[in-house]
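>>> pasting the structure only:
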DNA sequence: AATACTATTACTCATTTGTATAACAAGCAA
DNA sequence: TTGCTTGTTATACAAATGAGTAATAGTATT
């Protein structure tokens, strides 16, 4: 008569939350934020919808957590590469640009997630804060790298000037990243990266990078 | 007994479609794409929900039309200013940058609309095409302006090189535009514009703009 | 002033959605 | 094995949503 209750596995809180978050990402990537329904999320996570509420008070909280994880993962990927690079400051800056402009940082799925969440700015509480934190974190990395380079070259360190430069460099990388994500097939990867590197070179008035 | 049927005005197709589209924009701005329900759109447009289907076969078509109008309006605003400017090529390029980095082009509502739509890339048919058209239109304007400047300065016109520069300039403006839209309160408008201008100057290796 | 056209309203329906609650079972502890 | 905690499922429900259909009234035309 009645279908047997489906079997399940009790997972750790950490693991389950990660599953739910990546399921949320998957939904958004496939069909935009509107496709991230509690049922579809649960389905992809291999879980029943009711479980969401056991880990998140409501759907909005899950979305916030997903946004936060999405952004910090991206920055982390770009920064992590630097940790294994002991070369010159110029080489480190170049590496940072390269990493930011190719997968896994630059890829369509990341843009969809980013766009979906930022489109909710001022509509969903906390989204603005998460954005600002992520933005400043990334920009600060730019600033640090630029400072390194200037020190290496024995250039004058005008704090104001360097800050302006880092805003510009950050904007350039962001702009390329966006277009690269959206039309990744339009550009040759190597050329695209070189364009980024040489543009930053121009912005900083460097001779080589 | 029965409430009287509400009175209405028969509007021209052109006017009604414009109303519905701007109502859709308003919904998205207020609460993201999920808030753009047929009822709320109709409500803001001062119309009953059923009317949507009289002008658009389904909701997706209305969304597409809204995206298309949103993007072309922005580019048009930046281009239109150029038509009234007969000055030097450098001055025209500067004006273009300035216009792109302040209201009405750079403002939070435009970013929300842009982000909402692009997040649907590959999820809603035609969105990719509308994006590509808008992107190339804007980049072509950059390319034309840069070419003008180079001609004015008697520089060599390497088509490939100019194309790369226009991609970079476009990315820079886009990147600044995005951040400016999202945190318009973080930057002083005048400083922000000057940052844009001087950065483009660096990218093109110009002495003045 | 009468007529015809159709933009617009009013109403309906089947689905989907977020959330709530109670029952169940996995797996740890004794 | 037995009992206990709680992660997980099953089910329910009210609200919202996109879409369909028929009636109505605005308005241009004559």
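On my side now, so go ahead. Owing to the predicted nature of the structure, the values given are computational and were not obtained by experimental measurement.

>>> make it CA atoms for all contacts and neighbour counts henceforth
Will do.

>>> mind listing the helices for chain A?
Secondary structure of chain A (DSSP state H): helices at A:13-31, A:38-45, A:52-55, A:59-83, A:89-100, A:108-118, A:127-152, A:159-182, A:189-204.

>>> Could you say which of the ones you listed is packed most deeply?
Highest mean neighbour count among those (mean count of other C-alpha atoms under 10 Å in any protein chain shown): helix A:108-118, with a mean of 24.

>>> Just checking that one against DNA strand C, any contact.
No - Helix A:108-118 does not reach DNA strand C (C-alpha under 7 Å from any atom of the strand); its nearest approach is 14.2 Å.

>>> ok and that helix relative to helix A:13-31, angle-wise?
Angle, helix A:108-118 to helix A:13-31, by axes from the mean of the first three to the mean of the last three C-alpha atoms, to 10 degrees: 100 degrees.

>>> Please produce TSV containing the helices of chain A, extended by distance to residue B:193 and mean pLDDT.
As requested, the helices of chain A are exported to TSV (distance: least, C-alpha to C-alpha, whole Å; pLDDT from 0 to 100):
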stretch	distance to residue B:193	mean pLDDT
helix A:13-31	34	98
helix A:38-45	43	98
helix A:52-55	45	98
helix A:59-83	27	96
helix A:89-100	24	98
helix A:108-118	23	98
helix A:127-152	19	97
helix A:159-182	11	97
helix A:189-204	16	98
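
>>> Let me know which of the ones you listed is the nearest to residue B:207.
For residue B:207, the closest of the helices of chain A is helix A:189-204, at 12.8 Å, according to C-alpha to C-alpha.

>>> Check which helices and strands that closest one sits against.
Applying 3 or more C-alpha pairs under 8 Å, 6 or more residues apart in numbering or on different chains; DSSP states H and E, we find helix A:189-204 packed against helix A:89-100, helix A:159-182, helix B:159-182, helix B:189-204.

>>> rerun that using 10 Å as the cut-off
Judged by 3 or more C-alpha pairs under 10 Å, 6 or more residues apart in numbering or on different chains; DSSP states H and E, helix A:189-204 is in contact with helix A:89-100, helix A:127-152, helix A:159-182, helix B:159-182, helix B:189-204.

>>> The shortest one and chain B in contact?
The reference is to helix A:89-100. No - under the criterion of C-alpha under 10 Å from any C-alpha of the partner chain, helix A:89-100 makes no contact with chain B; the nearest approach is 13.8 Å.

>>> Quick check, pLDDT for residue A:2.
In this model, residue A:2 is scored at 58, pLDDT.

>>> What parts of chain A come near DNA strand D?
Checking chain A against DNA strand D by C-alpha under 7 Å from any atom of the strand, the hits are A:2, A:4-13, A:16, A:46-51, A:54.

>>> Check these one by one and keep those near DNA strand C.
Answer for these near DNA strand C (C-alpha under 7 Å from any atom of the strand): A:4-5, A:7-10, A:49-50.

>>> between those, which is nearest chain B?
Here the nearest of these to chain B, counting by C-alpha to the nearest C-alpha, is residue A:49; it sits at 20.0 Å.

>>> can you count the residues close to that closest one?
Using other C-alpha atoms under 10 Å in any protein chain shown, residue A:49 has 16 other residues around it.

>>> How about the contacts made by it?
Residue A:49 makes contacts with A:37-43, as judged by C-alpha atoms under 10 Å, 6 or more residues apart in numbering or on different chains.

>>> re earlier: can you flag the buried ones in the ones next to DNA strand C among the residues of chain A next to DNA strand D?
Buried members of those, counted by 16 or more other C-alpha atoms under 10 Å in any protein chain shown: residue A:49.
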